[in-house]
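Chemist: Give me coordinates for this.
(one chain, ligands or ions: 1)
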Amino acid sequence: MNVLVLLGSLRAGSTNRALADAAVAHLPEGCTATVFDRGAELPHYSEDLDLEGQLPEVAAELRAAVAAADGLIVVTPEYNGTLSSVVKNTIDWASRPYGVASITGTPAVVMAASGSPHAAEWARQDAVRSLKIAGAAVVEDTFGVGSSFEAFAEGRLVDEEADTALRSLVGRLAPVNA
Ligand SMILES: Cc1cc2nc3c(=O)[nH]c(=O)nc-3n(C[C@H](O)[C@H](O)[C@H](O)COP(=O)(O)O)c2cc1C
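Modeler: Numbers count the residues shown, from 1 in each chain. So this is what the prediction gives:
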């Protein structure tokens, strides 16, 4: 299984990157995981760019990566009550061309880390809605971690119960794909 991680934080010390790492660590042996780390290079989506001969190389790379993926792990911080614009823009690029988009039917799970105790619930809800409308086979259940600055140590979640919930969500990528 080939998993693509879409990461919404560009920050060097990102707790969402720590969450992505902890999620990838739960993938079964034999899975490969790649982080799409060119989200900041994607121009804001425009139909004027989404034309043969105009398509930015980074957008073509994203679409090829999504097409090659058996599953997506979408990890987003919450900014002002919704998902990161980096993730939203990435979903928008992956959702076109209409009718033949690479994201259509791709299984996806959503997770988020937030400095606040609310665990980025709004960002997760909005990411699920956007992915669903984009055509992904997104799992409705999500995983959120609050108070994220204290939540990670040595590449994993400190709280065992939370780590078990994360493992369980990651495990749902495969059955959705079956
Ligand atoms: C512009 C901005 C808006 C934010 N809005 C929210 C918010 O609505 N809800 C929330 O829980 N945290 C909010 N935060 C705090 C983030 O949860 C916190 O910065 C988090 O660490 C970002 O993820 P990262 O560690 O992966 O960069 C906001 C942070 C920024 C910079």
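Chemist: Now for the residue nearest to residue 11 when sequence neighbours are not counted, how many residues are close by?
Modeler: Among residues not flanking residue 11 along the chain, residue 17 sits closest, at 7.9 Å (CB to CB, 6 or more residues apart in numbering). From N, CA and C alone the C-beta is placed, and that goes for glycine too. For residue 17, the neighbour count with other CB atoms under 10 Å is 21.
Chemist: So residue 17 sits against residue 9, correct?
Modeler: Yes - with contact defined as CB atoms under 8 Å, residue 17 reaches residue 9; the gap is 6.4 Å.
Chemist: Determine the residues that are contacts of both of these two.
Modeler: residue 75 (CB atoms under 8 Å, 6 or more residues apart in numbering).
Chemist: CA atoms only for stretch 29-46, dumped as CSV, please.
Modeler: Taking C-alpha atoms only, stretch 29-46 is exported to CSV below (Å, rounded to 0.1, in the frame of the first residue of the first chain):
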residue,chain,number,x,y,z
GLU,A,29,4.8,-3.3,7.5
GLY,A,30,5.2,-3.1,3.7
CYS,A,31,3.3,0.2,3.4
THR,A,32,5.2,3.1,2.0
ALA,A,33,4.4,6.6,3.1
THR,A,34,5.4,9.8,1.3
VAL,A,35,4.7,13.4,2.6
PHE,A,36,3.7,15.7,-0.2
ASP,A,37,5.9,18.6,1.0
ARG,A,38,5.4,21.0,-1.9
GLY,A,39,2.1,22.4,-0.6
ALA,A,40,3.5,25.9,-0.1
GLU,A,41,4.7,25.9,-3.7
LEU,A,42,1.3,25.2,-5.2
PRO,A,43,-0.2,28.5,-6.5
HIS,A,44,-3.7,29.3,-5.3
TYR,A,45,-6.0,27.3,-7.4
SER,A,46,-7.1,29.0,-10.7
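Chemist: tell me the average confidence for that stretch?
Modeler: In this model, stretch 29-46 has a mean pLDDT of 96.
Chemist: Appreciated, that's everything.
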